[in-house]
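[1] Next input, structure requested:
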Amino acid sequence: EEDFIDYYLDNCLKEFGEKKKQECMNNPGALAKLRKSCSMAKQYFEKGEQIEIGVNNLIGNTQLRMILNKNDYEEVCKELYERIGILVKEILKKSKLSAINIENILLIGSTTRTNKVKNILKLTKLAFKTE
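    Numbers count the residues shown, from 1 in each chain. You can find the predicted model right below:
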């Protein structure tokens, strides 16, 4: 889950730097505030499509206001989602199991509750049924 937040945080930092021409990578307080906002946005995306985040006094008196949306979040984290499918395939291969042998999958963490992850697992499972 932290990987997803880190990816999204990096994206927000890049966008903030482009808009405000300021760097907050070396400011632990600013990073903590933005990380908290990115984490809240990620949780919100489980229910909604977009959210406005605001961080007061991110750097000095600089305010950060951004509208974040679910599609952008999923695009930024695309590589991580792809790795989930690859890992599931590797685990099945190493365990010498096929999807037919699996009745249930236990998912742990809030990211695993997203429809995106559930769909990846369904697609992975279907791919193994055809092998």
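[2] Where does pLDDT dip in this structure?
    Across the chain, the ranges flagged by pLDDT under 70 are 1, 18-26, 110, 125-131.
[3] Helices of that one, residue ranges please.
    Assignment of helices within the chain using DSSP state H yields the ranges 2-20, 28-44, 70-76, 78-95, 115-129.
[4] Reformat the ones you listed as CSV; add distance to residue 108.
    Quick note: C-beta positions are derived from backbone N, CA and C, even for glycine. Formatted as CSV, the helices of the chain follow (distance: least, Cβ to Cβ, whole Å):
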stretch, distance to residue 108
helix 2-20, 13
helix 28-44, 16
helix 70-76, 20
helix 78-95, 13
helix 115-129, 11
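[5] Need those helices in a markdown table (columns: distance to residue 58 and mean neighbour count).
    As requested, these are arranged in a markdown table below (distance: least, Cβ to Cβ, whole Å; neighbours: other Cβ atoms under 10 Å):
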| stretch | distance to residue 58 | mean neighbour count |
| --- | --- | --- |
| helix 2-20 | 8 | 16 |
| helix 28-44 | 5 | 17 |
| helix 70-76 | 20 | 16 |
| helix 78-95 | 25 | 13 |
| helix 115-129 | 29 | 14 |
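[6] The nearest residue to residue 40 once chain neighbours are set aside bridge partners, please.
    Of all residues beyond its chain neighbours, the one nearest residue 40 is residue 53 (7.2 Å), with distances taken as Cβ to Cβ, 6 or more residues apart in numbering. Applying DSSP bridges to residue 53 gives these bridge partners: residue 66.
[7] Isn't residue 53 up against residue 73?
    No - at 11.7 Å, residue 53 does not count as touching residue 73 under the criterion of Cβ atoms under 8 Å.
[8] Would you mind listing the residues touching both of these two?
    With contacts taken as Cβ atoms under 8 Å, 6 or more residues apart in numbering, the residues that reach both residue 53 and residue 73 are residue 41.
[9] ok so, going back, indicate which one of the helices of the chain is closest to residue 105.
    helix 115-129 (6.2 Å; Cβ to Cβ).
[10] Quick check: the residue nearest to residue 40 vs residue 121, distance?
    Distance of residue 53 to residue 121, given as Cβ to Cβ, to the nearest Å: 29 Å.
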